[in-house]
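Undergrad: Sequence first, then the predicted structure, then my questions.
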Amino acid sequence: MKIDFNKNADGLVPAIIQDAKNKTVLMLGYMNAEALEKTEASAKVTFFSRSKNRLWTKGEESGNFLELVSISLDCDQDSLLIQAIPKGPTCHKGSDTCWNDTNTTTYGFLTELEEVIAERKNGDKDESYVASLFDKGINKIAQKLGEEAIETVIEALDSNDELFIYESADLLFHYLILLHAKGFRLDDIVSALEKRKTKELNQ
């Protein structure tokens, strides 16, 4: 990795810090060659502090270290993308990120769909399909998921891809409803899969 530290007169390059797990951007700092070397050697993200005029390891005072996962160089060789695992809030003001965002895992549209399901759970059963399912109870919700699973399998054995995708979407939607009915979310499923992955890697 050949970094152009000489592009700027101060010998610094910007380093964008991203949560390695959920890809949230946590902060922006600056590194010189010595800061990068210490980061790689210690596996803790270290910057060159322009205000302190010295190397500064994030968390050296608060204990909220950024544990190094990977470093990528951009196409112009003058900025870094560093993926790390934050050990506590990243911002010195106590927030998860320096933009005052909450560092939570999201799954894009699926997370939005989970929120819609949660919102409509206690809605008017005559106006909301989701509310009507919850009103009928867990047995009906589980039964409906089973029906959608069978329909998906049937379409998988046929040659109509459009119907297969349609039934697959129905299956996923009803699975999210069942998850919510049982008090779980996609995060719980992802955690279970991550544990399986770790177990497989250690075998």
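TA: Okay, I see it. Numbers count the residues shown, from 1 in each chain.

Undergrad: center of the chain, which residue is that?
TA: By CA atoms, centre = their mean, the chain has its centre lying nearest to Asn22, at 2.0 Å.

Undergrad: Over to the closest residue to that residue other than its chain neighbours. Which of the three states is it?
TA: In space, and not counting its chain neighbours, Asn22 is closest to Thr105: 4.1 Å by CB to CB, 6 or more residues apart in numbering. The C-beta positions use only the backbone N, C-alpha and C, and glycine is treated the same way. Three-state assignment for Thr105 (DSSP: H, G, I helix; E, B strand; the rest coil): coil.

Undergrad: and Thr105, how many neighbours does it have?
TA: 15 (other CB atoms under 10 Å).

Undergrad: got the contact list for it?
TA: Counting by CB atoms under 8 Å, 6 or more residues apart in numbering, Thr105 touches Lys21, Asn22, Asp187, Val190.

Undergrad: Greatest separation within those: which pair is it?
TA: Within these, Lys21 and Asp187 form the most distant pair, 11.2 Å apart (CB to CB).

Undergrad: For this structure, which segments count as helices?
TA: Here the chain has its helices, by DSSP state H, at 33-42, 109-120, 129-136, 138-156, 161-181, 186-202.

Undergrad: From Thr46, how far off is Ser70?
TA: Remark: distance between Ser70 and Thr46 (CB to CB, to the nearest Å) = 15 Å.

Undergrad: ok, the two, which is more surrounded?
TA: In this view Ser70 and Thr46 are compared by other CB under 10 Å, and Thr46 has more residues nearby, 26 against 10.

Undergrad: Tell me the bridge partners for that one.
TA: Counting by DSSP bridges, Thr46 is bridged to Thr57.

Undergrad: So for it, what's the pLDDT?
TA: Listed pLDDT for Thr46 reads 98.

Undergrad: Contacts only, for it.
TA: Taking CB under 8 Å, 6+ apart, we find Thr46 in contact with Met31, Ala35, Lys38, Thr39, Leu55, Trp56, Thr57, Lys58.

Undergrad: For ChimeraX, write the select line for the buried members of those residues.
TA: Selecting only the buried entries of the contacts of Thr46 in ChimeraX, with 16 or more other CB atoms under 10 Å as the criterion:
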select :31,35,38,39,55,56,57,58
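
Undergrad: How many neighbouring residues does Val13 have?
TA: Val13: 25 surrounding residues under other CB under 10 Å.

Undergrad: Start at 177, not 1
TA: Sure, I'll start counting at 177 from here, so that last one is Val189.

Undergrad: That one and Glu216: what is the separation?
TA: With CB to CB as the criterion, Val189 and Glu216 are 14 Å apart.
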